[in-house]
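Novice: here is my input; please provide its structure:
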Amino acid sequence: MNNSATDEKDYPLLDSLSQVIIFADELLEYIAEKGNYTETEVVVFALCRQLIEQVDGVFIGIDQGNLSLSRSSLRNAYETQLGLNYIWKDPAKSIQRALSYKVGAMKEEISWFNIAIADNILEPDVPRSELITKKTIIENALNVATLLPISNEWNRAKQNLLSRQRNDDPRWYSLFRGPSSIYQLAKLLGQEDSYRLIYGGLCTTTHGTDALKNVALEEPSRKVLILPLRDEDRIQEETPIRLGRAFLLEMIGQLISNYAHEKTNEFGLLLDDSISHTAT
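Specialist: The predicted structure is shown next:
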């Protein structure tokens with residue numbers, strides 16, 4: 001029995017997205033198995049895996065008739081592919097940018113540990129001493145030669161924000177005079193149009209401010225009408241599918257170019273069999 005709100009066989013575009021997700025996942029595993037990679041490439045592969053998972057969220061949302069899920073997953077995927085493209089854009093800066101992402105993630109963990117330690121939020125399940133130990137391990141890891149200059153730059157950027165009465169952490173891509181926002185990042189990468197499309201159409205969904213669109217007050221009974229959680233009539237929207245697929249196809253092309261030229265023909269077959277008949 002098929003529990004999907006949408007049958008892939010009756011929806012070729014959704015089926016093509018499924019095929020691209022599978023190909024991307026298998027390609028990444030294939031490349032990872034080759035070994036002999038650097039710290040930078042670990043970050044890149046982590047972002048690639050995250051992008052696959054987020055586009056899979058688009059597929060699940062469409063497949064199950066949940067448009068809000070597909071749209072929010074697409075926005076997350078968009079931000080991940082911007083990060084990947086920013087790292088890949090300038091080979092001379094790719095190491096610095098990839099490690100900036102890693103340092104940003106480590107600093108975020110430290111911030112979380114600081115809150116957990118100060119507020120004792122995990123007591124008694126996790127002793128405070130254990131949290132301090134884990135935090136110290138991360139702090140020490142930031143002192144290695146490859147990460148220390150980036151950690152220092154992060155600290156400088158943090159102090160700059162504090163001096164302007166802002167307590168948020170610096171964006172990893174903003175380090176070393178990088179773009180200060182997602183919009184500026186999209187602009188740098190020539191993706192202003194996709195930014196407006198995705199954020200203009202998806203922003204309220206992601207932030208939850210469109211909740212009232214799913215309910216209505218019926219007169220004169222004053223009953224509250226609630227739209228179905230999963231509704232096939234509401235889910236026939238191609239934009240998340242096409243954009244999510246495009247993100248993965250671009251990623252696949254970059255991975256093959258950098259790490260797996262032998263997969264070029266296989267990728268060509270995917271484009272011919274699963275993409276060409278749903279290209280428009």
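
Novice: okay, helices next: where are they in the chain?
Specialist: Ranges of helices within the chain are 12-32, 39-63, 67-89, 94-119, 128-141, 148-163, 182-188, 192-207, 232-235, 239-259, 264-270, based on DSSP state H.

Novice: adding distance to residue 220, mean neighbour count and mean pLDDT, write the ones you listed out as CSV.
Specialist: (C-beta placed from N, C-alpha, C; glycine too.) What follows is the helices of the chain, written out as CSV (distance: least, CB to CB, whole Å; neighbours: other CB atoms under 10 Å; pLDDT from 0 to 100):
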stretch, distance to residue 220, mean neighbour count, mean pLDDT
helix 12-32, 41, 18, 96
helix 39-63, 36, 20, 96
helix 67-89, 30, 21, 94
helix 94-119, 50, 17, 96
helix 128-141, 57, 13, 95
helix 148-163, 54, 15, 97
helix 182-188, 46, 17, 96
helix 192-207, 30, 15, 72
helix 232-235, 27, 14, 50
helix 239-259, 38, 20, 96
helix 264-270, 57, 13, 96
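
Novice: closest one to residue 216 among the ones you listed?
Specialist: helix 232-235 (14.3 Å; CB to CB).

Novice: out of the helices of the chain, flag the one nearest residue 218.
Specialist: helix 232-235 (19.0 Å).

Novice: Provide a list of residues in contact with the closest residue to residue 260 other than its chain neighbours.
Specialist: Spatial nearest neighbour of residue 260, chain neighbours left out: residue 31 (5.4 Å); criterion: CB to CB, 6 or more residues apart in numbering. Residues counted as contacts of residue 31 (CB atoms under 8 Å, 6 or more residues apart in numbering) are 45, 255, 259, 260.

Novice: just those residues now: which is nearest residue 274?
Specialist: Among the contacts of residue 31, residue 255 lies closest to residue 274 (CB to CB), at 17.4 Å.

Novice: got the contact list for that closest one?
Specialist: 27, 28, 31, 48.

Novice: surely residue 75 touches residue 195?
Specialist: No. Taking contacts as CB atoms under 8 Å, residue 75 lies outside contact range of residue 195: 10.4 Å.

Novice: what's the spacing between residue 14 and residue 70?
Specialist: Residue 14 is 10 Å from residue 70, where distance means CB to CB, to the nearest Å.

Novice: should've said residue 168
Specialist: Relative to residue 70, and taking CB to CB, residue 168 is found at 28 Å.

Novice: kindly report the same for residue 11.
Specialist: Distance of residue 11 to residue 70, computed by CB to CB: 13 Å.

Novice: do the same with residue 83
Specialist: For residue 83, the distance to residue 70 equals 21 Å [CB to CB].

Novice: how close does residue 48 get to residue 238?
Specialist: Distance from residue 48 to residue 238, counting by CB to CB: 24 Å.

Novice: same question for residue 142.
Specialist: Residue 142 is 44 Å from residue 238, by CB to CB.

Novice: so between those two, which is more surrounded?
Specialist: residue 142 (18 against 12; other CB atoms under 10 Å).

Novice: got the contact list for that one?
Specialist: Shown in contact with residue 142 (CB under 8 Å, 6+ apart): 103, 106, 107, 148, 151.

Novice: surely residue 54 meets residue 77?
Specialist: Yes. Residue 54 is in contact with residue 77 according to CB under 8 Å; the separation is 3.7 Å.

Novice: touching both of the two, which residues are there?
Specialist: residue 244.

Novice: tally of neighbours for residue 275?
Specialist: 17.

Novice: with adjacent residues omitted, what lies nearest to it?
Specialist: Leaving aside its sequence neighbours, residue 275 sits nearest to residue 16 (CB to CB, 6+ apart; 5.8 Å).

Novice: next, the spatially most distant residue from the centre of the chain: phi, psi?
Specialist: Ranking residues of the chain by C-alpha distance from their mean position (CA atoms, centre = their mean) puts residue 220 at the top, at 45.1 Å. Per-residue torsions, residue 220: phi -90, psi 0 (degrees, to the nearest 10).
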